[in-house]
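>>> have a look at this prediction, sequence included:
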Amino acid sequence: MKQPLTEEKVFKDPVHNYIYVQDQTIWDLINTKEFQRLRRIRQLGTSYLTFHGAEHSRFSHSLGVYEITRKIISQFERNGYPDWPAEEKLVSLCAALLHDVGHGPFSHSLEEVFDTDHEQWTCKIILEDTEINRVLRSVSEQFPEQVAAVIQKTYPKPIVVSLISSQMDADRMDYLLRDAYFTGVNYGTFDLERILRVLRPYKGKIVVKESGMHAVEHYLMSRYQMYWQIYFHPVTRSSEIILRQIFRRAQELYVGGYVFDWMPTPIMRLIQNTMTVQDYLKLDEALVQTAFTQWSEESDLILNDLCSRFMNRQLYKYITIDNPDEALLNEISDCFSSIGMNPEYHMEIDYPFDLPYDVYRPDKKEGEKKEKAPILLLDGQDEISEISAKSDIVRSITGLHQGQYHLYYPEEPLKKNIHSIPDSLKKIFKLD
């Protein structure tokens, strides 16, 4: 077991003021090449095309999740709570730090097209022959498996998992505050210090002292607002759609035998589904954007156009459609085809939704996706209740959907061929 650092290390942070590193293992993990790669992965994917300040990285977010976890554990230790297993501190801190190390460039868009999973890659990076694995094995031979189990939510002590993955975990608390700061909005702010003060370890779970319920309500409302104002912003959705279409078109061309003027090996192996961990670690946003710049000169006009649009922020326009029916979509598709557009790439219906707080369902059926641990309140009689049983605010937003159907499309071909557009569609696309 490694000793604490002889001198505490600190990172200056705009969200937490300072991030404190007190353990040699954490310091060594931060300095691995796999963790340093997270500097080259943006936290908010394509949101920088909507909010110009959103250039922060998975690296800074991962440090923030570590720091919140460290603060929670420190609070448990200071107060001497008997239900906190002190021997779980290092595995909790390592899992907090490494929980996002498997994210790829523009992570969620890439995952959708190529059916990858950043948590699976995270565990591969932890368990296979990497610098991270070697640092973890210096603690014990079993330690990498323990850290991976926390991330996979299979660790035998749920209290450790819930620090990193629950309805109110260190991950969510950091990204709300950090994303709000870097996008320049106030929606994601909440009283983190108050929440940390009212957290308690109790009978193998993390609970909230009932007097802190209003601080938790504020956190949940902040999350609700951030999803609709930031994460589901329609302009960001447009950039995500174009990004997915670039990957989809590149895959379609490659499988069809098209010869690219330039195809980097890591992206080729991603398309082939033959990636090793070392291949995956070469994928970052600098490489992907270099590929897009090169592909904007490819002879395939669809890939050429999509890459130029993404790199130069010439995004698709969108219109809101109430309950689009099949007949209308077919009419739009036929119209687009008639003027030389490709409906497979030049029109997409998007309907964003989110559950800001998933109520714990004790009757969850076997085989259903494992839910994140619910938020539990601890009253003065040491009785536990799920928060929606006590909070009118939480009940009011639970399961609330606020999405609208948006149709995304390139506007220029419609304007160029306006005389070929039926009057009924001119009205819909506001071309008259």
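On my side now, so go ahead.
>>> Val10 pairs with what?
Tyr20 (DSSP bridges).
>>> I'd say it and Tyr20 touch.
Yes. Look at Val10 against Tyr20 with C-beta atoms under 8 Å: they come within range, at 5.7 Å. C-beta coordinates here come from the backbone N, C-alpha and C atoms, glycine included.
>>> and these two? Which one has more around it.
Tyr20 (15 against 12; other C-beta atoms under 10 Å).
>>> from Cys123, how far out is that one?
Computed as C-beta to C-beta, to the nearest Å, the Tyr20 to Cys123 distance reads 27 Å.
>>> swap in Arg178?
24 Å.
>>> ok, those two, which is more surrounded?
Arg178 (24 against 21).
>>> need the strands for the protein, in chain order.
4-13, 17-23, 199-202, 205-209, 317-321, 348-350, 376-378, 384-386, 405-409 (DSSP state E).
>>> who's in contact with Val21?
5, 8-11, 27, 30 (C-beta atoms under 8 Å, 6 or more residues apart in numbering).
>>> can you do 6 Å?
9, 27 (C-beta atoms under 6 Å, 6 or more residues apart in numbering).
>>> repeat for Leu301
So Leu301 contacts nothing (C-beta under 6 Å, 6+ apart).
>>> Phe292 too?
Per C-beta under 6 Å, 6+ apart, neighbours of Phe292: 307, 310-311.
>>> and with 10 Å instead?
Residues counted as contacts of Phe292 (C-beta atoms under 10 Å, 6 or more residues apart in numbering) are 243, 246, 250, 303, 306-311.
>>> break this protein down into its domains, please.
4-231, 234-352+404-428 (automatic domain parsing).
>>> which of those domains sits closest to Ile375?
Of all those, the one in closest proximity to Ile375, counting by C-beta to C-beta, is domain 4-231 (4.9 Å).
>>> distance between the closest one and the chain's centre?
Taking C-alpha atoms, centre = their mean, to the nearest Å, the mean C-alpha location of domain 4-231 is offset from the chain mean by 12 Å.
>>> what's the end-to-end length of that domain?
39 Å (C-alpha to C-alpha, to the nearest Å).
>>> kindly report the same for stretch 316-336.
End-to-end distance (C-alpha to C-alpha), stretch 316-336: 14 Å.
>>> wouldn't Ile387 be in contact with Ile393 here?
Yes. Using C-beta atoms under 10 Å, Ile387 makes contact with Ile393 at a distance of 9.5 Å.
>>> which of these two has more residues huddled nearby?
Ranked by neighbour count (other C-beta under 10 Å), Ile387 and Ile393 place Ile387 first, with 25 against 17.
>>> so what's the closest residue to the more buried one other than its chain neighbours up against?
Once flanking residues are discounted, Ile387 sits nearest to Ile375: 4.4 Å by C-beta to C-beta, 6 or more residues apart in numbering. Ile375 makes contact with 162, 166-168, 206-208, 213, 216, 219-220, 357, 359-360, 386-388, 391, 394, according to C-beta under 10 Å, 6+ apart.
>>> do the same with Ala250
Counted by C-beta under 10 Å, 6+ apart, Ala250 has contacts 113, 258, 260, 263, 267-268, 270-271, 291-292, 295, 298, 300, 303, 306-307.
>>> so which of those residues sit within helices?
Under the assignment DSSP state H, those contribute 113, 267-268, 270-271, 291-292, 295, 303, 306-307 to helices.
>>> joint contacts of Ile387 and Ile393?
What both Ile387 and Ile393 touch, as defined by C-beta under 10 Å, 6+ apart, is the set 213, 216-217, 220, 357.
>>> pull the CA atoms of stretch 61-78 into PDB?
Extracted in PDB, the C-alpha atoms of stretch 61-78 (Å, rounded to 0.1, in the frame of the first residue of the first chain):
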ATOM      1  CA  HIS A  61     -14.600  17.100 -14.700                       C
ATOM      2  CA  SER A  62     -12.900  13.900 -13.500                       C
ATOM      3  CA  LEU A  63     -10.800  15.900 -11.000                       C
ATOM      4  CA  GLY A  64     -14.000  17.600  -9.800                       C
ATOM      5  CA  VAL A  65     -15.700  14.300  -9.200                       C
ATOM      6  CA  TYR A  66     -12.700  13.100  -7.300                       C
ATOM      7  CA  GLU A  67     -12.700  16.300  -5.200                       C
ATOM      8  CA  ILE A  68     -16.400  16.000  -4.300                       C
ATOM      9  CA  THR A  69     -16.000  12.400  -3.400                       C
ATOM     10  CA  ARG A  70     -13.000  13.300  -1.200                       C
ATOM     11  CA  LYS A  71     -15.000  16.000   0.500                       C
ATOM     12  CA  ILE A  72     -17.900  13.600   1.200                       C
ATOM     13  CA  ILE A  73     -15.500  11.000   2.700                       C
ATOM     14  CA  SER A  74     -13.700  13.600   4.700                       C
ATOM     15  CA  GLN A  75     -17.000  14.700   6.200                       C
ATOM     16  CA  PHE A  76     -17.800  11.100   7.100                       C
ATOM     17  CA  GLU A  77     -14.400  10.700   8.700                       C
ATOM     18  CA  ARG A  78     -14.500  14.000  10.700                       C
END
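>>> for it, give the mean pLDDT please.
For stretch 61-78, the mean per-residue pLDDT is 98.
>>> do the same with stretch 223-242
93.
>>> chain center to that stretch: distance?
12 Å.
>>> same question for stretch 241-251.
With C-alpha atoms, centre = their mean, you get 19 Å for stretch 241-251.
>>> let's see it as CSV, backbone CA atoms only.
Provided in CSV are the C-alpha atoms of stretch 241-251 (Å, rounded to 0.1, in the frame of the first residue of the first chain):
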residue,chain,number,x,y,z
ILE,A,241,-26.9,15.1,-35.7
ILE,A,242,-24.3,16.3,-38.3
LEU,A,243,-21.5,14.6,-36.3
ARG,A,244,-23.4,11.3,-36.2
GLN,A,245,-24.1,11.5,-39.9
ILE,A,246,-20.4,12.1,-40.6
PHE,A,247,-19.5,8.9,-38.7
ARG,A,248,-22.4,7.0,-40.3
ARG,A,249,-21.4,8.2,-43.8
ALA,A,250,-17.7,7.4,-43.3
GLN,A,251,-18.7,3.9,-42.1
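>>> cool, thanks, signing off.
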